[in-house]
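>>> here's a sequence, model it:
(one chain, ligands or ions: 2)
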Amino acid sequence: MQFCPKCGGLMLPKQIEKGPILVCNVCGYVMKEAKLDEYKVVKGAKPEEEITVVEKELKPALPTTRICCPKCGHDTAYWWLRQTRAADEATTRFYRCTKCGHTWREYT
Ligand SMILES: [Zn+2]
Ligand SMILES: [Zn+2]
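Numbers count the residues shown, from 1 in each chain. Ligands and ions are numbered 1, 2, ... in the order given. Model (predicted):
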């Protein structure tokens, strides 16, 4: 943040042909040799935060169970249920190894 040396008002960044300048939003004082790095940093930080939030929502914590992974032999796997396309078919239970990520399914 930069403040006007004349009236103490907040300086706002503005883009003109010659480059970026800072203009006081109270009295209109123009600061030509503006350092806009800090404004760029603030602008760049926001999208990253949004992406982080979205990723958290897309990865809900799955319950785990003790089952032997057929690929690496690890004894714990995430599991979830999914109905297959045909309504009369049985619900399929899926497992994903917490160690190697191998996914397999079990018919119930
Ligand atoms: Zn001012
Ligand atoms: Zn495994």
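
>>> what about stretch 2-16, start to end distance?
By CA to CA, to the nearest Å, the extent of stretch 2-16 from end to end equals 18 Å.

>>> now it: average pLDDT?
Summarised as a single mean, pLDDT over stretch 2-16 is 89.

>>> do that stretch and ligand 1 meet?
Yes: residues of stretch 2-16 are located near ligand 1 by CB under 5 Å from the ion, namely 4, 6-7, 9. Using the backbone N, CA and C atoms, a C-beta is placed for each residue, glycine as well.

>>> redo these as CSV? Include secondary structure and neighbour count.
Conversion of these to CSV gives the following (DSSP: H, G, I helix; E, B strand; the rest coil; neighbours: other CB atoms under 10 Å):
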residue, secondary structure, neighbour count
Cys4, coil, 19
Lys6, coil, 12
Cys7, coil, 11
Gly9, coil, 15
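
>>> low-confidence ranges, the chain, go.
For the chain, the stretches with pLDDT under 70 are 33-60, 83-89, 107-108.

>>> quick one: the strands in it?
For the chain, strands defined by DSSP state E occupy the ranges 11-16, 19-24, 30-31, 64-66, 76-82, 92-97, 103-107.

>>> how about the ones you listed in TSV, adding distance to ligand 2?
What follows is the strands of the chain, written out as TSV (distance: least, CB to the ion, whole Å):
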stretch	distance to ligand 2
strand 11-16	53
strand 19-24	54
strand 30-31	61
strand 64-66	13
strand 76-82	8
strand 92-97	3
strand 103-107	9
